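Undergrad: How does the following fold in three dimensions:
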Amino acid sequence: MLLLLVGFAMNALLEEVFYRRWLLTRWRAVLGPWAAVALSAVVWASWHVAIQGSGAPVPDAMNVLANQGVSGLFLGFLWLRYRVMWPLLVIHGVWNANPLQFLGGA
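TA: Modelled structure (predicted):
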């Protein structure tokens, strides 16, 4: 349980505050809402290559764009629409709480 809470604080909280609340908000003022959401989703996905990649650049990039890129679009939309951080934190935290890692499967 402690590992889950630390992981939540390190990942969901820091990433959502930085990528959605801080970065997306600033880019929105410059680029407009949808370009800012798209760019922040790509940048957020790219960050995951470094922490989840296997060392194969093209498949890793495709994987994170398909997974975190789409997730980033969704989270970015929620931030623009509602401007409330807690739902993003809950969603991100649930996504990070992969039950297989606690069952020894991952």
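Undergrad: Below-threshold pLDDT in the chain: ranges please.
TA: 98-106 (pLDDT under 70).
Undergrad: switch the cut-off to 50
TA: Low-confidence regions of the chain, defined by pLDDT under 50, span residues 102-106.
Undergrad: those helices in it, which residues are they?
TA: 2-7, 14-15, 25-31, 33-52, 57-64, 70-82, 85-96, 99-102 (DSSP state H).
Undergrad: my read: residue 19 touches residue 43, true?
TA: Yes. The criterion here is Cβ atoms under 8 Å, and residue 19 meets it with residue 43 at 7.1 Å. C-beta coordinates here come from the backbone N, C-alpha and C atoms, glycine included.
Undergrad: count of residues packed around residue 35?
TA: The tally of other residues near residue 35 (other Cβ atoms under 10 Å) stands at 12.
Undergrad: correction: residue 89
TA: Quick note: residue 89 (other Cβ under 10 Å) scores 19 neighbours.
Undergrad: how far away is residue 1 from residue 7?
TA: Residue 1 is 11 Å from residue 7, where distance means Cβ to Cβ, to the nearest Å.
Undergrad: more neighbours, those two?
TA: Higher neighbour count among residue 1 and residue 7: residue 7, with 15 against 6, using other Cβ under 10 Å.
Undergrad: what's the closest non-adjacent residue to the more buried one?
TA: residue 96 (6.0 Å; Cβ to Cβ, 6 or more residues apart in numbering).
Undergrad: Spell out which residues sit in contact with the one you found, please.
TA: Residues near residue 96 by Cβ atoms under 8 Å, 6 or more residues apart in numbering: 7-8, 11-12.
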